[in-house]
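Novice: Build me a structure from this.
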Amino acid sequence: MHKCCSLRLKRRPQRRTNGLQFPLNYQQIVGWIVCVVSALVNFLLLSHIQFDDLKFASLIIYSFVYAVYVITHFAASLVDPGEDDLRKRVINILPEFDRTIHAHVIENGRCHLCNINTTDRKTKHCGICNKCIFKFDHHCKWLNNCVGRRNYTVFILCVVSALLITLFTVILCLIDIYFFLVSPQELSSAAQTFINCTQLEDLNDVTKKYCKSSIYFLIFLVTFCTIALAIACALLHLLCFHIYISILGVSTYEYIMRNSHTKSICCKSCRTNIRRLYIINQDKIKSNAIVSSETGVNGENMTQEHDNEISVKNFINTLVTDELNKARNFFLYENSKIHPSNEDRS
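Specialist: Below is the predicted model of the structure:
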């Protein structure tokens, strides 16, 4: 089992051409299982609970959205997002990267492992797929494949179709819960027969309306609705994130690297600046004590304190300006880089 599936992302000796090559990722298999189980529940149970018109409409909607999801999912997984020059070459075993020789895998637009000239500055060498990805965005564990320029569109369509499936499931569950509590006669005949408690010999009206079968029915709707809503929230967050970074004009990789680098710089500089500010305050206290013990003049003490406060404020303003300039220069650094192909065009 370990030869066909893997929990840990390891470097392949040869480059990966698609997401169905072994070893598969366990998250990829879990995604397939969730898709199959949800399709069976939606087609065989949830759709048949609805009244006739909604039942027919739900079957059509589910068939269309599931078809779009399956097509886009396997398209995003099977499409090779690598560089054009790399896809034309035969698959060979790539050497290990030696950092004693080169500082980076890609330098001046050339990949030292794939031995090709990259065509865009956003091309990155994925260590998991072991190949250069044209306009690299991220490595997706659910697809077991990298997401680049060639499969980014179908990846977004896959996320949108999965989001539509979960949202439609939540809507149907809420409708069924409402009908169950308010007017059960609106449900399908099979559902009404299953939740019918009037034939039982109970002592009160409450147990005649809510018996064991009807409680199971309600628990199923609430549980399935909660699971679908949780998945929908995660997919909506992912979709909103990609809309956000598309507005910024950056990839997922660039966004993560910039933010992690900026946070580490800010944390280190903030600790250093706090120490410097603490030292200044200690020096101010010592200087005030010396001045007060030697002169005993209140006017001079007030002047000294005022000068120290001004120096501290100026120091804080300088620190804030310095941190803003560091962040601005870092975020503008990638835009100022020139790829060799861009130099040739100019």
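
Novice: contact partners of stretch 47-57?
Specialist: Ser58, Leu59, Tyr62, Leu172, Ile175, Asp176, Glu186, Leu187, Ser188, Ala190, Ala191 (C-beta atoms under 8 Å, 6 or more residues apart in numbering). The way it works is simple: take the backbone N, C-alpha and C, and place the C-beta from them, glycine included.

Novice: mind redoing it with 7 Å?
Specialist: Ser58, Leu59, Tyr62, Leu172, Asp176, Glu186, Leu187, Ser188, Ala190, Ala191 (C-beta atoms under 7 Å, 6 or more residues apart in numbering).

Novice: And for stretch 222-242?
Specialist: Under C-beta under 7 Å, 6+ apart, the answer for stretch 222-242 is 41, 156, 159-160, 162-163, 166-167, 169-170, 173-174, 177.

Novice: Could you dump those residues into JSON lines with pLDDT and secondary structure added?
Specialist: Shown next, in JSON lines, are the contacts of stretch 222-242 (pLDDT from 0 to 100; DSSP: H, G, I helix; E, B strand; the rest coil):
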{"residue": "Val41", "pLDDT": "97", "secondary structure": "helix"}
{"residue": "Ile156", "pLDDT": "98", "secondary structure": "helix"}
{"residue": "Val159", "pLDDT": "98", "secondary structure": "helix"}
{"residue": "Val160", "pLDDT": "98", "secondary structure": "helix"}
{"residue": "Ala162", "pLDDT": "98", "secondary structure": "helix"}
{"residue": "Leu163", "pLDDT": "98", "secondary structure": "helix"}
{"residue": "Thr166", "pLDDT": "98", "secondary structure": "helix"}
{"residue": "Leu167", "pLDDT": "98", "secondary structure": "helix"}
{"residue": "Thr169", "pLDDT": "97", "secondary structure": "helix"}
{"residue": "Val170", "pLDDT": "97", "secondary structure": "helix"}
{"residue": "Cys173", "pLDDT": "96", "secondary structure": "helix"}
{"residue": "Leu174", "pLDDT": "96", "secondary structure": "helix"}
{"residue": "Ile177", "pLDDT": "93", "secondary structure": "helix"}
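
Novice: Now the two most distant members of those residues.
Specialist: Ile156 and Ile177 (31.7 Å; C-beta to C-beta).

Novice: can you pull out the helices in the stretch 151-300 of the chain?
Specialist: Per DSSP state H, counting those that start in this stretch, the stretch 151-300 of the chain carries helices over the ranges 152-182, 189-195, 205-209, 212-248, 252-294, 298-336.

Novice: Mean pLDDT lowest where, among those?
Specialist: When the helices of the stretch 151-300 of the chain are compared on average pLDDT, helix 205-209 comes out lowest at a mean of 53.

Novice: ok so, going back, with respect to Cys126, which of the contacts of stretch 47-57 is nearest?
Specialist: Tyr62 (34.8 Å).

Novice: Tell me how many other residues surround that closest one.
Specialist: Neighbours of Tyr62 under the rule other C-beta atoms under 10 Å: 21.

Novice: do Arg258 as well
Specialist: For Arg258, using other C-beta under 10 Å, the count is 17.

Novice: quick one, strands of the stretch 51-200 of the chain?
Specialist: 106-107, 110-111, 116-117, 124-126, 131-133, 138-140, 145-147 (DSSP state E, counting those that start in this stretch).

Novice: With distance to Val222 and mean neighbour count as added columns, please give these in JSON lines.
Specialist: Formatted as JSON lines, these follow (distance: least, C-beta to C-beta, whole Å; neighbours: other C-beta atoms under 10 Å):
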{"stretch": "strand 106-107", "distance to Val222": "51", "mean neighbour count": "14"}
{"stretch": "strand 110-111", "distance to Val222": "53", "mean neighbour count": "18"}
{"stretch": "strand 116-117", "distance to Val222": "55", "mean neighbour count": "19"}
{"stretch": "strand 124-126", "distance to Val222": "42", "mean neighbour count": "24"}
{"stretch": "strand 131-133", "distance to Val222": "43", "mean neighbour count": "28"}
{"stretch": "strand 138-140", "distance to Val222": "31", "mean neighbour count": "20"}
{"stretch": "strand 145-147", "distance to Val222": "35", "mean neighbour count": "27"}
